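**Student:** Build me a model:
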Amino acid sequence: MSESLSLEETPQENEELTIEEEYKLWRKNCHYMYDFISETALTWPSLSIQWLPQSFQAPSNAEITQSLLLTTLTSGKDTDYLKIAGTQLPDSLTGKKSEEKVKSRLKVFKKYPQSTEINRARYMPQNPNIIGTINASGQVFTYDVKSLAEPVINEYIHHKESGYGISWNRKKEGVFATSSDDKTVAIWNINNSKPLQTYEHKDIVNDVAFHNFDVNIIGSVSDDKSLKIHDTRTQKTVNSEQVSEKGVNSLTFSTFSKNLVAVGGEDSNVSLFDLRNLTRPLHSMVGHTSTITSLSWDPHHENIVASGSADRRVILWDISKIGEEQLQDEMEDGVSELFMMHGGHTGSIYDLSFNPDIPWTLASCSNDNIVHLWTVSKKVLESGNEEVDLKFLE
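**Tutor:** Model (predicted):
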């Protein structure tokens, strides 16, 4: 773990810090942990966040170097929106030398009114101008944010209740999946308002994800405690196992290994599974103290997984460190695979996102209305991050 505290800043043993005190302590130690950190207070919290790739065409504005997708949660007190915001990132993050100060506070340059809050918004990998959303009523829409006329491409009719799961197929353009509290998963073609296929769980389906290598494989997790693997060729669920003693909220497939998947949920652990044997986890990573709300596999490093939790923390896990011997003082900081803990939020984490273009750079949002953009410090990285060869899982 990479939170460095000087002796005079370290609380006495067993002393409980208030949330405000924890935040102040985090602020004091930011220079140890980050090469870049930006904090923007929103008017309303965002349930969803995702970096848009640098290929996304933002307005011609020298102050915007990269954009993000955001939403609003007004609880009926104001109009909800799908938003696109821009930020200015320092040149140093891309290896350029520059001493100029940047304006990193998020600025919204496009917004689309909604009938209710959007729970998740994700761009289509083949064309980042196409955005898919699912909202608190289970309504699913796609948008063309480059369109100068009507931005809505289509509305997709199936779900009867709120949903949080949405995932685009990286190998087949225009195909995406959604999941809902109505206990179903739906597969869609962007041009058809009715689902191509549907799959069922016994309880709320909290998340869904397309496999990163196999165009036909999709996974879903549910309050029924299961991870299900579906094959779109046969329209059947090909594997279903109980993977937790409690509900499962999130899953992420490895971006490097075709056989690795991570899940997290109400038990506060992040568990790694081999898709060829879902009956028992390869390992469960322990570090959060409350429900896992979001998971993402690092697109740049095969050994890094990020998790967000209701405990107000984002943790970066280094799976290459699993099982390493630790000294006593290291054990007090957490398990060997706990690489870094981002502790700057004062509310539950709603969502997180790795920057697709800049390694070690993330965005996270929480119910305290705060969005953080952050880059892990080179000092932290140099403290011992080695990648592991996962070819034995192929």
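**Student:** List the contacts of Asn277.
**Tutor:** Residues near Asn277 by Cβ atoms under 8 Å, 6 or more residues apart in numbering: none. C-beta: built from backbone N, CA, C; applies to glycine.
**Student:** Ok, Ser240 next?
**Tutor:** 226-229.
**Student:** I'd like those written out as a markdown table, with distance to Phe339 and pLDDT added.
**Tutor:** Converted to a markdown table, the contacts of Ser240 look like this (distance: Cβ to Cβ, whole Å; pLDDT from 0 to 100):
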| residue | distance to Phe339 | pLDDT |
| --- | --- | --- |
| Ser226 | 29 | 98 |
| Leu227 | 24 | 98 |
| Lys228 | 30 | 98 |
| Ile229 | 28 | 98 |
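**Student:** Can you classify Tyr23 by secondary structure?
**Tutor:** Under DSSP: H, G, I helix; E, B strand; the rest coil, Tyr23 falls in the helix class.
**Student:** Please name the nearest non-neighbouring residue to it.
**Tutor:** Spatial nearest neighbour of Tyr23, excluding adjacent residues (Cβ to Cβ, 6 or more residues apart in numbering): Thr346 at 5.4 Å.
**Student:** any idea how far that neighbour lies from Arg27?
**Tutor:** 11 Å (Cβ to Cβ, to the nearest Å).
**Student:** if we can go back for a sec, narrow the contacts of Ser240 to those in strands?
**Tutor:** Using DSSP state E, the members of the contacts of Ser240 that fall in strands are 226-229.
**Student:** Which residue is the nearest non-sequential neighbour of Asp318?
**Tutor:** Excluding its sequence neighbours, the residue lying closest to Asp318 (Cβ to Cβ, 6+ apart) is Phe339, at 4.0 Å.
**Student:** Over to Thr71?
**Tutor:** Ile118 (4.1 Å).
**Student:** Tell me the bridge partners for the one you found.
**Tutor:** Taking DSSP bridges as the rule, Ile118 bridges to Asn135.
**Student:** quick revisit: okay but the residue nearest to Tyr23 is in contact with Ile370, surely?
**Tutor:** Yes. Counting by Cβ atoms under 8 Å, Ile370 is a contact partner of Thr346 at 7.2 Å.
**Student:** So what touches stretch 26-42?
**Tutor:** The contact list for stretch 26-42 (Cβ under 8 Å, 6+ apart) reads 2-5, 9, 70, 72, 87, 89-90, 92-93, 104-106, 340, 342-344, 361, 369-380.
**Student:** from those, which would you call buried?
**Tutor:** For these, a burial check counting by 16 or more other Cβ atoms under 10 Å picks out 2-3, 70, 72, 87, 89-90, 93, 104, 106, 340, 342-344, 361, 369-377, 380.
**Student:** Which of these fall in helices?
**Tutor:** Per DSSP state H, helices hold the following members of the buried ones among the contacts of stretch 26-42: Val380.
**Student:** Work out which residue lies at the spatial centre of this structure.
**Tutor:** Among the residues of the chain, Leu352 comes closest to the average C-alpha position under Cα atoms, centre = their mean, at 3.6 Å.
**Student:** Show the contacting residues for Ala363.
**Tutor:** 49-51, 68, 352-353, 355, 371-374 are the contacts of Ala363 under Cβ under 8 Å, 6+ apart.
**Student:** What pairs with the helix or strand hosting it, parallel or antiparallel?
**Tutor:** Using DSSP states H and E, Ala363 maps to strand 361-366. If you go by DSSP bridges, strand 361-366 pairs up with strand 349-354 (antiparallel), strand 370-376 (antiparallel).
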